[in-house]
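Engineer: below are the sequence and a predicted model for it; my questions follow.
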Amino acid sequence: MPLSNGLGLLGAGKYTKIREFVAGGTLVAGRTVALDIAAAGNTGDERAFTVIEGTATDATSAYIVGIALEAATAGQTVRVATAGYVEGALTDGNVTIGLQLISGAGGALVPFAGTELRRPIGVALETDSGTTCDVFLNELYPGF
């Protein structure tokens, strides 16, 4: 059950780093999000604040910025955890405590096998319950 953090967000702890972005499409709370650097019409700094659902593609996953803490549709502001604790992140159902995690299909977190080009973005703080678990996100972009 997500924390009652008073923000109406997916569970985030007091040391969670939260940043606002603009949704480049439909986003689901708990899934990874990536910069939408290739979107038609995005120019200038729009490429640095528009996000789409994360993927399992090595090239696109290089731009994962965090986990959406709320649902959003294209053009809406969305709060994203970019580091720290996230409660109830979505997984593929194969995550166990202590595993390093990467973005997988549909923005779900999946175990890092060590053969992927994309880097781990966090660690599982528990074994997933169905398709959710609590995670600790690495600070992907220090100073961001």
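Structural biologist: Noted; the coordinates are in hand.
Engineer: return the residues in contact with residue 72.
Structural biologist: 23, 26-27, 78 (CB atoms under 8 Å, 6 or more residues apart in numbering). For glycine as for every other residue, the C-beta is placed from the backbone atoms N, C-alpha and C.
Engineer: equivalent analysis for residue 102, please.
Structural biologist: With CB under 8 Å, 6+ apart, residue 102 has these contacts: 61, 109-112, 116, 118-121.
Engineer: tell me which residues form a beta bridge with it?
Structural biologist: On the basis of DSSP bridges, residue 102 is bridged to residue 110.
Engineer: for it, give me the pLDDT.
Structural biologist: Note on residue 102: pLDDT of 94.
Engineer: before we move on, what about the one 5 residues further on?
Structural biologist: Here, the pLDDT recorded for residue 107 equals 92.
Engineer: these two touch, right, it and residue 56?
Structural biologist: No: taking contacts as CB atoms under 8 Å, residue 107 lies outside contact range of residue 56: 9.1 Å.
Engineer: in terms of neighbours, single out the busier of the two.
Structural biologist: residue 107 (24 against 17; other CB atoms under 10 Å).
Engineer: for that one, phi and psi?
Structural biologist: Here is the backbone geometry of residue 107 (degrees, to the nearest 10): phi 80, psi 10.
Engineer: how about it: what's its closest non-neighbour residue?
Structural biologist: residue 31 (3.1 Å; CB to CB, 6 or more residues apart in numbering).
Engineer: how near is the one you found to residue 37?
Structural biologist: 18 Å (CB to CB, to the nearest Å).
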